[in-house]
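> here is my input; please provide its structure:
(2 chains)
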Amino acid sequence: MQNKFSLPTQDEIVKRLKKIPEGLWRECPNCHEKFYYRRAGVYEVCPNCGYGARLGSRKRIKLFCDAFEEWDKALATDVHHLDENYKKKLAAGIKNTHVNESVLTGKARIGNYDFAVGVMDSRFIMGSLGQVTGQKLAHLFQEATKQHLPVILFTASGGARMQDGIHSLMQMAKVSDEVARHSEEGLLYISILTDPTTGGVTASFAMQGDIILSEPKTLIGFAGRRVIEQTINQKPPKDFQQAETLLKNGFLDDIVERKDLKAYLNNLLDLHSDK
Amino acid sequence: MTKTAYETVVAARSKDKVATADLINNIFSNFTEFHGDRQLNDDPSIVGGIAKLNGTPVTVIGTQKGKNTAENIERHFGMVEPEGYRKAIRLMKQAEKFKRPVITFVNTSGAYPGMDAEYHGQGSAIANSLLVGMELKVPYISVIVGEAGSGGALALATGDTVWMMENSIYSVLSPEGYASIVWKDSKRVMEAAEDLKLTPQILLEEGIIDKIVPEVVDQSSTQNLKNMLIAEVERLQRFSADELVEKRHERFSKF
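Numbers count the residues shown, from 1 in each chain, chains lettered A, B, ... in the order given. Got it, this is the predicted structure:
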């Protein structure tokens, strides 16, 4: 018997469901609240807890800089002699980010202030610190020193890149050295730790800023949670490597929301300008 | 006969491996150990202080594993906490003030992965060790004695000269860690050791280290390392502070 409201058939329901575009509803990876995608806004922030979704490096530049000129655009890992698996990962990273490495570098401007900028991208082999990543970062600080520019660096990384072995580890020392040389010239370095900043990146340039900032609910740590759990045989609390905890423990200068960041940086650049 | 990568891993971790404290006591005279980071704590996984090397005052810093289970628990198996790195930084700055060369002995699988270590800023402590080590205005020699894993080892290994003992390893992470990430199987240590290229021979060829030190097992091999250190300190002392920093910069910037 046919219902007078003529309920759709099973097939019809499936057909209609297929017409709904994907991704209209998002789940926040931090608080797991589900929300209509538009509510995240241009800054892609969870309307419930304030966690900011991981952003691509080019998108971040668009959001926070008024002008940008890329450096070392062509610099990329030489893939001859690399194993197929690593080659694939590099190719996927380039495809995901439209950048040749896990960091995008260049000269940028906010308002009246020029600075050297670096933006790491977690979609490039987890933002891992490869040899070329280190090379680009070292060059960023060298060039900033030469041009007498402040450096603003957005970090996002799972840490050292295993595939590059010991050479990845050496980047920590190499970049640290350039940070020190830039600092000796009396120049400003602001590091902004974004989700996630861990391992060798936390244990080097991320934590070497004159001013160290982060975004709400960012994961920041040295050792991975799983390794810690296995070592101490207990579960650390959910927030133990969260920006808010690091702020409380004295390892961050401030946590800044994305909507306020541009004005915040403009103020810092103004306070450090020679004019 | 050369060892395989895995045999080198086993030898580097052997319980017969010379202890850092024994190296210090047998190579230097008048060793005086200093404690604490002046901020929070004293980390027993780092042994440090001042001593004489053939009459020259030097600062000595090393990671110390335990000789037995009780000592290993106290010293976290040589895995350093932030307070340990801060003690090392303090001693390096002190060496700089009194123009003493710095010698570090590294034998650690890595920085300690603990909850308090994270709360107390493990990343920040290592980051600052790197800054201080790279800019140190006195001669700085690093000797990798056994295991040297990840940033936790690098924090004490940014010397003007970096040496490795015959039976030692140096890698971005432990072979177990590598195997568990790559193959989700921490037991494939043998292959991981090969992949990581962590033996002194390979690292010497790659220019990561400068020399392989004959394994210290007895009096004559101890004397040999002592002679090598004396000669190297003398060589480095001929450079001015600025030249040392510049040469260290060149050494690491080529990586």
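
> so who does residue A:129 touch?
Neighbour list for residue A:129: A:102, A:157, A:159-161, A:168, A:171-172, A:199-201 [criterion: Cβ atoms under 8 Å, 6 or more residues apart in numbering or on different chains]. In short, each C-beta sits where N, CA and C put it, glycine included.

> next one: residue A:74
Counting by Cβ under 8 Å, 6+ apart, residue A:74 touches residue A:100.

> how much space between it and chain B?
Going from residue A:74 to chain B by Cβ to the nearest Cβ, to the nearest Å gives 20 Å.

> same question for residue A:69.
Separation of residue A:69 from chain B (Cβ to the nearest Cβ) stands at 24 Å.

> same question for residue A:137.
12 Å.

> and the pLDDT for that residue?
Residue A:137 is assigned a pLDDT of 98 by the prediction.

> swap in the one 3 residues further on?
pLDDT, residue A:140: 98.

> what strand or helix carries it?
Secondary-structure element containing residue A:140, defined by DSSP states H and E: helix A:131-146.

> buried ones in that helix?
Buried residues in helix A:131-146, counted by 16 or more other Cβ atoms under 10 Å in any protein chain shown: A:131-141, A:143-145.

> just give me the closest of the residues you listed to residue A:27.
Distances from residue A:27 to the buried residues of helix A:131-146, taken as Cβ to Cβ, are shortest for residue A:133 (30.1 Å).

> and that closest one, how close does it get to residue A:124?
As judged by Cβ to Cβ, to the nearest Å, residue A:133 and residue A:124 stand 9 Å apart.

> mind listing the shared neighbours of these two?
Common contacts of residue A:133 and residue A:124 (Cβ under 8 Å, 6+ apart): A:101-102.

> biggest separation within the contacts of residue A:129, which pair?
A:102 and A:172 (14.3 Å).

> so who does the residue nearest to the spatial centre of chain B touch?
Centroid check for chain B by Cα atoms, centre = their mean gives residue B:106 as the closest residue, at 2.0 Å. Applying Cβ under 8 Å, 6+ apart to residue B:106 gives the contacts B:62-63, B:142-145, B:148, B:153, B:156-157.

> equivalent analysis for residue B:126, please.
So residue B:126 contacts A:203-204, A:222, B:85, B:111, B:151-152, B:154-155 (Cβ under 8 Å, 6+ apart).

> repeat for residue A:136
By Cβ under 8 Å, 6+ apart, the contact list for residue A:136 reads A:71-72, A:75, A:101, A:103, A:105, A:118.

> just for chain B, where's the confidence low?
Along chain B, the model assigns pLDDT under 70 to residues B:1.

> next secondary structure after the helix or strand containing residue B:85?
For residue B:85, the element it lies in under DSSP H and E is helix B:82-97. Going down the chain from helix B:82-97, the next helix or strand is strand B:102-108, by DSSP H and E.

> tell me which helix or strand comes right after that following strand.
Later in the chain than strand B:102-108, the nearest helix or strand by DSSP H and E is helix B:115-119.

> could you give the angle of the following helix or strand past that following helix to strand B:102-108?
Going down the chain from helix B:115-119, the next helix or strand is helix B:122-135, by DSSP H and E. Following axes from the mean of the first three to the mean of the last three Cα atoms, to 10 degrees, one obtains 140 degrees for the angle between helix B:122-135 and strand B:102-108.

> now helix B:122-135 - C-alpha only, PDB.
Extracted C-alpha coordinates of helix B:122-135, given in PDB (Å, rounded to 0.1, in the frame of the first residue of the first chain):
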ATOM      1  CA  GLN B 122      62.800  19.000  26.900                       C
ATOM      2  CA  GLY B 123      62.600  20.600  23.400                       C
ATOM      3  CA  SER B 124      63.600  24.000  24.700                       C
ATOM      4  CA  ALA B 125      66.500  22.600  26.700                       C
ATOM      5  CA  ILE B 126      68.000  20.700  23.700                       C
ATOM      6  CA  ALA B 127      67.300  23.800  21.400                       C
ATOM      7  CA  ASN B 128      69.400  25.900  23.800                       C
ATOM      8  CA  SER B 129      72.200  23.300  24.100                       C
ATOM      9  CA  LEU B 130      72.500  23.500  20.300                       C
ATOM     10  CA  LEU B 131      72.700  27.300  20.300                       C
ATOM     11  CA  VAL B 132      75.300  27.300  23.100                       C
ATOM     12  CA  GLY B 133      77.300  24.400  21.600                       C
ATOM     13  CA  MET B 134      77.400  25.900  18.100                       C
ATOM     14  CA  GLU B 135      78.500  29.300  19.400                       C
END
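
> surely residue A:157 and residue A:127 touch.
Yes: judged on Cβ atoms under 8 Å, residue A:157 makes contact with residue A:127 at a distance of 3.8 Å.

> all strands for chain B, in order.
B:29-34, B:46-53, B:56-63, B:102-108, B:140-149, B:161-165, B:169-171, B:211-213 (DSSP state E).

> cool, the stretch 1-150 of chain A as well?
Ranges of strands in the stretch 1-150 of chain A, per DSSP state E, counting those that start in this stretch, are A:25-27, A:34-36, A:67-71, A:103-110, A:113-120.

> wait, which of those strands is closest to residue A:254?
Residue A:254 sits nearest to strand A:103-110 of all these, at 16.9 Å, using Cβ to Cβ.

> which other helices and strands contact that closest one?
Packing contacts for strand A:103-110, counted by 3 or more Cβ pairs under 8 Å, 6 or more residues apart in numbering or on different chains; DSSP states H and E, involve helix A:57-64, strand A:67-71, strand A:113-120, helix A:131-146, helix A:258-271.

> got the domain ranges for chain A?
What automatic domain parsing lists as the domains of chain A is A:1-53, A:54-271.

> circling back to that earlier point, now the two most distant members of the contacts of residue A:136.
Farthest-apart pair in the contacts of residue A:136 is A:75 and A:118; separation 12.9 Å (Cβ to Cβ).

> which one of these two has more residues nearby?
Using other Cβ atoms under 10 Å in any protein chain shown, the more surrounded residue of residue A:75 and residue A:118 is residue A:118, with 26 against 14.

> looking at strand pairing, list the partners for the more buried one.
Taking DSSP bridges as the rule, residue A:118 bridges to residue A:105, residue A:153.

> what residues are up against whichever residue of the stretch 1-150 of chain A sits closest to chain B?
Proximity of the stretch 1-150 of chain A to chain B (Cβ to the nearest Cβ) peaks at residue A:138, 6.8 Å away. By Cβ under 8 Å, 6+ apart, residue A:138 lies in contact with A:171, A:174-175, A:177-178, B:253.

> which of those ranks first by neighbour count?
Of the contacts of residue A:138, residue A:175 is surrounded by the most neighbours, 31 neighbours in total, counting by other Cβ under 10 Å.

> can you verify my assumption that residue A:163 contacts residue A:130?
Yes: using Cβ under 8 Å, residue A:163 is in contact with residue A:130, at 7.5 Å.

> between these two, which has more neighbouring residues?
Per other Cβ under 10 Å, whichever of residue A:163 and residue A:130 has more neighbours is residue A:130, with 26 against 22.

> which residues are in contact with the residue lying closest to that one once chain neighbours are set aside?
By the measure of Cβ to Cβ, 6 or more residues apart in numbering or on different chains, the closest residue to residue A:130 outside its immediate chain neighbours is residue A:161, 4.3 Å from it. Neighbouring residues of residue A:161 by Cβ under 8 Å, 6+ apart: A:102, A:125, A:128-131, A:133, A:168.

> pull the helix or strand with minimum mean pLDDT from chain A.
helix A:10-19 (a mean of 88; mean pLDDT, DSSP states H and E).
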